[in-house]
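Visitor: quick one, what's the 3D model for this:
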Amino acid sequence: MRIPNHISQQVDKLREAIDRHNYNYSVLDEPSIPDSEYDKLFLELQKLEQSYPQLITLDSPTQRVGATPLEKFSQITHRSPMLSLNNEFDTSSVEAFDRRVGEKLGTNEVEYAVEPKFDGLAVSLLFENGSFVTGATRGDGYIGEDVTLNLRTVKSIPLHLRKSDKNRIPFLLEIRGEVLMLKEDFEKLNLQQREKNEKEFMNPRNAAAGSLRQLDPRVTATRRLAFFAYGIGEFEGEEIPRDTHSNVMKYLASQGFPIAKECDVVRGSVALLSYYQKVKELREHLPYDIDGVVYKINSLAQQKEMGFVSRAPRFAVAHKFPAQEVVTELLGIDVQVGRTGVLTPVARLRPIFVGGATVAHATLHNEDEINRKDVMVGDSVIVRRAGDVIPEVVGVVIERRPSNASRFMMPNQCPVCGAKVIRMSDEAVTRCTAGLFCPAQRKQSIMHFASRRGMDIEGLGEKLVDKLVDNGFVVTPADLYTLDDEKLTSLSRMAKKSAINLLAAINKSKSTTLASFIYALGIRNVGVTTARELARYFGDFNKLKEANVKTLQGIPDVGLVVAQSITDFFSEKHNIEVINKLFSDPVGIELKEERDIRKMQDGNNANKISGKTFVLTGALPNMSREDAKERIESLGGKVTSSVSKKTNYVVVGAASGSKYDKAVELGIVTLDEAKLLELLKN
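Guide: Got it, this is the predicted structure:
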């Protein structure tokens, strides 16, 4: 079926908007639109992709969870994905969910585990041999930020599991839960902030997220964070209940993990809606913020039978509470410039308390939306705080409009760099034309280029990038390679040793993989996985650079939108100029690895890793599972979490558990660390 151009363009716009809001919400903790608006965008994209399946790509927001982890933390790969939940907002949707579940399971009355939906930061805690070893944020659902040291300061998280009646503890257990700040502690924190004349936090969720992401765990320890468990991920051990979710929660409670007292088990949609109403009435009296309730099929066997869609389970949904609204004065409209150059008008409000927080700013989306809502500076505006997190101007009280109210005009120059701004006829947004030269975009582009999954320039953090750009030392990524110790040591708080270390890291980054280089360029819609597929397919950067849309669409998981983004990127003269500088002296970027992989895949010298499936179990003596996984995947292998007939190798470490037994049972080749290293080497 032919896809109309306007449909492809609309999908592209929706993905860009959703990715931006994911980044603002999940990474920066600076949400820019209400949950209700995000949900509309997401639902619209889902419907379009369902109508035109050929538009679906692996890096579409509908195929992922959350957003990219912050680069200032090291990263941890979740042993099983931390999926998000689909949201329902009304009675009919909940009844439809219950009906779908009942029809699939062949029963008239399904048993559900029900619980409040915490408004905090989702985390995963990994316990090995009963001890807490690592903790990570949700991140993009697959890789999160390593906040282990900060989580150790949260007193409600036990550092050791308790032995069961059988005097045993599971070898491995991933505990999923939410870090949040109790309302009482949030008020105390903001009181301290006021006394110190420092910026107050908008709400408990942002306070908790900001506290957990402190680089100094001693700061986190002063913030009185709380943790509540809501489930488990991967585990190895007979002690874990395998019958119902409610029994899993009882097990976690017996291990000393806090769970919501409001958890319950009910049957049928009538009971679900009754629970929703009950918790809604309790909401203001709870010690923590919630933004809805969660319904999960209680039987774990039935959960497995229901399965998953790309980013969410079919056996569970979140039933969100309605938004809350107040009226306040619109003092002015400021314009922010995003990392993609989009100019976004933001309402500056007379501070007002709504949904448990003081709101001083709210999104206005774009110029069309301002005109559609007839918003003028000086108006009394209706502010909605959907999901108790994000404020939005939803309307105007016209009868209160003062005589001196003024119309907003989008500036014709970028408020950051002064460059000309344009608005394309097919877009609702206005963009700065300066591209990489605009500081608002330049800094993000350089941060992305230097990120761990890009050129991996250790020590080049956000504050240093700010200084390099603000001082005029770096305009494009190529300028990073012209830095010297004289320039670096001229920056405030940059010691000689730090400068030498950074220059060494920059020089080291000159030798990188093709996949990393492709990702580092920051091509729209090209994430880590797509970059790796492009590198494997072409094996040579020049071939990728010259590829047309038709050729690109022949690559697995590369659809029209991604292909168009790639060709658009390489058709920009400025991009080619920067790339040429990167490959020329004195920079001299050298791409390695993928060419070697393609050679190994040819003829008799076949790569024994590429296309093979590995499972890692137990603790390896000299390398972490993450390191082993990264090395296997760099050679084209795939690492999964469970052993099956499709598994080619099982890498066995200390205390390997049931996965080793299953490998022996199925006759799968097992490797210790030495044999794995030999295989990787050869």
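Visitor: residue contacts, Glu109?
Guide: For Glu109, the contact set (C-beta atoms under 8 Å, 6 or more residues apart in numbering) comprises Gly102, Arg267, Gly268. No exception for glycine: its C-beta is placed from N, CA and C like everyone else's.
Visitor: what about the strands in the stretch 551-682 of the chain?
Guide: Along the stretch 551-682 of the chain, the segments classed as strands by DSSP state E, counting those that start in this stretch run 590-592, 613-617, 638-640, 649-652, 669-671.
Visitor: tell me which of those strands lies nearest to Arg138.
Guide: strand 638-640 (20.0 Å; C-beta to C-beta).
Visitor: can you list the weak-confidence ranges in the stretch 101-250 of the chain?
Guide: For the stretch 101-250 of the chain, the stretches with pLDDT under 70 are 164-167, 202.
Visitor: try 80
Guide: Filtered on pLDDT under 80, the stretch 101-250 of the chain yields the residue ranges 163-168, 194, 197-203.
Visitor: isn't Pro439 up against Asp470?
Guide: Yes: at 7.5 Å, Pro439 counts as touching Asp470 under the criterion of C-beta atoms under 8 Å.
Visitor: look at these two and report which has more neighbours.
Guide: Taking other C-beta atoms under 10 Å, Pro439 and Asp470 do not tie; Pro439 has more neighbours (16 against 12).
Visitor: would you check that Met455 makes contact with Thr512?
Guide: Yes: with contacts counted by C-beta under 8 Å, Met455 reaches Thr512, the gap being 5.8 Å.
Visitor: overlap in contacts of those two?
Guide: Taking C-beta under 8 Å, 6+ apart as the criterion, Met455 and Thr512 both touch Ala520.
Visitor: looking at those two, which one has more neighbours?
Guide: Between Met455 and Thr512, Met455 has the larger neighbour count (other C-beta under 10 Å), namely 25 against 19.
Visitor: tabulate the strands of the stretch 551-682 of the chain in CSV, adding columns for mean neighbour count, distance to Asn150 and mean pLDDT.
Guide: Listed next are the strands of the stretch 551-682 of the chain as CSV, based on neighbours: other C-beta atoms under 10 Å; distance: least, C-beta to C-beta, whole Å; pLDDT from 0 to 100:
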stretch, mean neighbour count, distance to Asn150, mean pLDDT
strand 590-592, 14, 36, 86
strand 613-617, 22, 26, 90
strand 638-640, 16, 27, 82
strand 649-652, 24, 30, 93
strand 669-671, 15, 35, 92
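Visitor: can you check which of those strands gets nearest to Thr57?
Guide: That would be strand 638-640 among those, by C-beta to C-beta, at 19.2 Å.
Visitor: and the helix or strand hosting Phe227, what does it pack against?
Guide: According to DSSP states H and E, Phe227 maps onto strand 226-236. Applying 3 or more C-beta pairs under 8 Å, 6 or more residues apart in numbering; DSSP states H and E, we find strand 226-236 packed against strand 111-118, strand 172-180, helix 245-254.
Visitor: would you put the C-alpha positions of that strand in PDB?
Guide: Extracted C-alpha coordinates of strand 226-236, given in PDB (Å, rounded to 0.1, in the frame of the first residue of the first chain):
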ATOM      1  CA  ALA A 226      11.900   6.600  49.900                       C
ATOM      2  CA  PHE A 227      11.600   3.400  47.900                       C
ATOM      3  CA  PHE A 228       8.500   1.200  47.200                       C
ATOM      4  CA  ALA A 229       8.800  -2.100  45.400                       C
ATOM      5  CA  TYR A 230       6.200  -3.000  42.700                       C
ATOM      6  CA  GLY A 231       7.600  -6.200  41.200                       C
ATOM      7  CA  ILE A 232      10.600  -8.200  40.000                       C
ATOM      8  CA  GLY A 233      12.500  -8.600  36.800                       C
ATOM      9  CA  GLU A 234      14.900 -11.500  36.100                       C
ATOM     10  CA  PHE A 235      15.600 -14.000  38.900                       C
ATOM     11  CA  GLU A 236      17.400 -17.300  39.600                       C
END
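Visitor: tilt between that strand and strand 172-180?
Guide: Strand 226-236 and strand 172-180 meet at an angle of 160 degrees, taking axes from the mean of the first three to the mean of the last three C-alpha atoms, to 10 degrees as the criterion.
Visitor: who does strand 226-236 pair up with?
Guide: In the sheet, strand 226-236 lines up against strand 172-180 (antiparallel) (DSSP bridges).
Visitor: ok, then the element right after the partner strand?
Guide: Per DSSP H and E, the first helix or strand lying C-terminal to strand 172-180 is helix 183-195.
Visitor: how far off centre is that next one?
Guide: 28 Å (C-alpha atoms, centre = their mean, to the nearest Å).
Visitor: can you tell me what sits against that helix?
Guide: Contacts of helix 183-195 (C-beta under 8 Å, 6+ apart): 181, 199-201, 203-204, 207, 223-224, 226, 287-289, 356.
Visitor: rewinding a little: okay, the angle between the strand holding Phe227 and strand 613-617?
Guide: 120 degrees.
Visitor: residues of strand 226-236 that come out buried?
Guide: Ala226, Phe227, Phe228, Ala229, Tyr230, Gly231, Ile232, Gly233, Phe235, Glu236 (16 or more other C-beta atoms under 10 Å).
Visitor: just want the angle from it to helix 183-195.
Guide: Computed by the same axes, to 10 degrees, the angle separating strand 226-236 from helix 183-195 equals 120 degrees.
Visitor: which one is Arg267 nearest to, not counting chain neighbours?
Guide: Leaving aside its sequence neighbours, Arg267 sits nearest to Glu109 (C-beta to C-beta, 6 or more residues apart in numbering; 4.8 Å).
Visitor: that neighbour in helix, strand or coil?
Guide: Of the three states, Glu109 takes coil according to DSSP: H, G, I helix; E, B strand; the rest coil.
Visitor: now do it against Thr91, distance only.
Guide: 18 Å (C-beta to C-beta, to the nearest Å).
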